[in-house]
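Structure of the sequence below:
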Amino acid sequence: MSQRLRIALQKSGRLADKSLELVESAGLRVVKGANELLYRIENAPIDVLRVRDDDIPTFVADGVADFGIVGLNVLAERSSEGERAPEEVMRLGFGRCALKIAAPESFRYEGPHSLDGVRIATSYPGVLRRFLDEHGVGAEIVKMRGAVEVAPRLKLSQVVCDLVSTGATLEANGLAAVETVLESEAVLIRGRRALDPELQRNAESFVDRVGGVVASRGAKYVMMNAPRSALPQISAILPGAGAPTVTPLAGRDDAVAVHAVCQESVFWETLERLKGAGASAILVLPIEKMM
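From the prediction side, this is the model:
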């Protein structure tokens, strides 16, 4: 009996739904178990472990899980603690946020040196310490598990270092972001067991599928007819595209059909520029799957 691949996903929180959606978008049919801790994949030898986000790097590093989806902020904090960290395989493009220094309006911030001798409350002491050390700042770090934004009001610190998505929570507590410490998003991580020969084929298939889902999100397939002489200009206009596929049109030596995968947004203005360059019969199609 072959070994089953194990993937650790966040059980609840801001990445939970999107992580499970990504697995399902990769063509893996998730069957929920009797409890919420273990799901099975119906069409592949894969199990899904649903755990706390802080535990995912530990599960993957220690071989309890082979892959995990976690915020880069969580992975960076584990790495900063000097513990063995899993390998980062790819960025996944969702769950974007930033770890930021935030201060009350009365605090005069003129760069990292303004934090010298200041008390900073945070749930990410390792990442913050690395940032402070890089800038030669001798601030005091106050470690908190949650509700970091209330620290200045409680006189626990003068400023905070916290995750920011919209900034609404900071604003509600009279704080404003003044410095970015880390840009974060969801990442796929891999442990050493995923490289074992017994698991390798299944692991590579999983990575390829996830990569295909990530690459196809927002990508468009663009087709058009164009004068052969306009190819250099059209190639320069196509957003986020590599070399397009060019085929001759029947009965036309001076015109070609151009097909391209665009990794960036294709706006109406893009179509107008293509038309201005001589393109015609322009079609923009969504991409469901790509590998």
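
can we go C-alpha only for contacts and neighbour counts from here?
Will do.

So what's the gap between the helix or strand where Pro57 lies and the chain middle?
Here Pro57, judged by DSSP states H and E, is contained in helix 56-61. How far helix 56-61 lies from its chain's middle: 18 Å, per Cα atoms, centre = their mean, to the nearest Å.

got it, and stretch 102-120?
29 Å.

how about that stretch: buried residues?
Ala102, Ala103, Pro104, Pro112, Leu115, Val118, Arg119, Ile120 (16 or more other Cα atoms under 10 Å).

measure Leu20 to Arg217 for me?
16 Å (Cα to Cα, to the nearest Å).

got a list of what Ile234 touches?
Leu274, Ala277, Ala279 (Cα atoms under 8 Å, 6 or more residues apart in numbering).

give me that answer again for 10 Å
Ala226, Pro227, Arg228, Pro244, Val258, Arg273, Leu274, Lys275, Gly276, Ala277, Gly278, Ala279 (Cα atoms under 10 Å, 6 or more residues apart in numbering).

Then Ile141?
Contacts of Ile141 by Cα under 10 Å, 6+ apart are 117-126, 128-129, 132, 157, 160-161.

Give me the buried subset of those residues.
The neighbour count (16+ other Cα under 10 Å) marks 118-126, 128-129, 132, 157, 160-161 as buried among the contacts of Ile141.

Could you report the neighbour count for the nearest residue to Pro104 once chain neighbours are set aside?
Leaving out its chain neighbours, the residue that sits closest to Pro104 by Cα to Cα, 6 or more residues apart in numbering is Leu175, at 4.5 Å. Burial of Leu175 is recorded as 23 neighbouring residues (other Cα atoms under 10 Å).

now do Ile7
25.

Let's verify it: helix, strand, or coil?
strand (DSSP: H, G, I helix; E, B strand; the rest coil).

same thing with Gly95?
State at Gly95, reduced to three classes by three-state DSSP: coil.

go on, Ala176?
Ala176 is classified as strand under three-state DSSP.

Could you pull out the buried residues of stretch 137-153?
Val137, Ala139, Glu140, Ile141, Val142, Val148, Glu149, Val150, Ala151, Pro152.

could you point out where the stretch 1-150 of the chain is predicted with low confidence?
1-2, 82-83 (pLDDT under 70).

tell me the pLDDT at the residue lying farthest from the centre of the chain?
Largest separation from the mean C-alpha position in the chain: Gly251, at 47.1 Å (Cα atoms, centre = their mean). We have a pLDDT of 85 for Gly251.

do the same with Thr169
Per-residue pLDDT puts Thr169 at 87.
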